[in-house]
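Chemist: Dropping the sequence and predicted coords here.
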Amino acid sequence: MNLPNILSMFRLILVPCFAVTYMSDANHAGIYAGIIFMVAAITDVIDGYLARKWNQITPIGRILDPLADKLLQLTALACLTIKGIVPWLLSGIFLLKELLMMIGGAVMVKKLDDVMPSNIVGKLVSLGMSGAITGAIFFHEAAEKSCPKLFPSVFFALTLLTIAAFVIYLINALKCLKKKSIDLDARSGRLKL
């Protein structure tokens, strides 16, 4: 197992740590949970960078990395929704999209013994979602006083981008299934169609 995959495993371990910390009644729980979330989000950037730089993009890494990323974001969204910061409908749409993508990934593994990398829109959504979650964890109380619709609006925009990323993923998945292969650029790890 290479270092990028170890970082993805570490991010998986941080998911329950974040949830337990954020939902606790301890003093400054939100700050500690925010720090845990940021550390996990940073490992997402680092593991992808190292995998590309060291040419260590592996099939297990293409499963572990998005799995850890999505579990972290879904857990954080669930916590924010329970606390009333993110509307239930938006979390539900995001959850449905992620479940459909997991099913799609399982189909790709079964049919092609591999998974597709995320598309550029999906990466932008992931980056935006990490930023919005971090902002909501640290600043939702201040935003409630000055701009109460800020975080619901941000998460609504991210939900629309999430739907666009899913449509792109679906189109690319169907093309790969038709070709019966997932062809990746050796240097960038991006899908070649």
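Modeler: Thanks, I have the structure now.

Chemist: ok, which stretches of this structure are helices?
Modeler: Remark: helices assigned in the chain by DSSP state H are 3-23, 29-53, 59-82, 88-112, 120-146, 150-179.

Chemist: Deepest in the core, which of these is it.
Modeler: Mean neighbour count (mean count of other CB atoms under 10 Å) peaks for helix 59-82 among those, with a mean of 20. Quick note: C-beta positions are derived from backbone N, CA and C, even for glycine.

Chemist: got the angle for that one vs helix 120-146?
Modeler: Interaxial angle, helix 59-82 versus helix 120-146 (axes from the mean of the first three to the mean of the last three CA atoms, to 10 degrees): 20 degrees.

Chemist: Let the chain start at 385 from now.
Modeler: New numbering, starting at 385: the last item is helix 443-466.

Chemist: on contacts alone, who are the packing partners of helix 443-466?
Modeler: If contacts are counted by 3 or more CB pairs under 8 Å, 6 or more residues apart in numbering; DSSP states H and E, helix 443-466 sits against helix 387-407, helix 413-437, helix 472-496, helix 504-530.

Chemist: Could you give the average pLDDT over the last one?
Modeler: For helix 504-530, the mean pLDDT works out to 90.

Chemist: do the same with the second one
Modeler: Model confidence over helix 413-437, given as mean pLDDT, is 91.

Chemist: which outside residues touch that helix?
Modeler: 386-389, 391-392, 394-395, 398-399, 401-402, 405-407, 410, 440-442, 445, 449, 452-453, 456, 460, 463, 510, 514, 517-518, 521-522, 571-573 (CB atoms under 8 Å, 6 or more residues apart in numbering).

Chemist: hmm, back to that, got TSV for the helices and strands packed on helix 443-466, with distance to Ser565 too?
Modeler: Shown next, in TSV, are the helices and strands packed on helix 443-466 (distance: least, CB to CB, whole Å):
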stretch	distance to Ser565
helix 387-407	23
helix 413-437	21
helix 472-496	7
helix 504-530	21
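
Chemist: For Cys560, find the nearest of those.
Modeler: Of all those, it is helix 472-496 that lies closest to Cys560, at 6.7 Å by CB to CB.

Chemist: helices or strands up against that closest one?
Modeler: On a contact count with 3+ CB pairs under 8 Å, 6+ apart, helix 472-496 meets helix 443-466, helix 534-563.

Chemist: Let's have these in JSON lines, adding distance to Ile504 and mean pLDDT.
Modeler: Converted to JSON lines, those look like this (distance: least, CB to CB, whole Å; pLDDT from 0 to 100):
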{"stretch": "helix 443-466", "distance to Ile504": "14", "mean pLDDT": "89"}
{"stretch": "helix 534-563", "distance to Ile504": "8", "mean pLDDT": "90"}
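
Chemist: Export these to JSON lines and append columns for distance to Glu482.
Modeler: Listed next are the helices and strands packed on helix 472-496 as JSON lines, based on distance: least, CB to CB, whole Å:
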{"stretch": "helix 443-466", "distance to Glu482": "5"}
{"stretch": "helix 534-563", "distance to Glu482": "9"}
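
Chemist: Of all these, which one is nearest Leu484?
Modeler: Using CB to CB, these put helix 534-563 closest to Leu484, at 6.8 Å.
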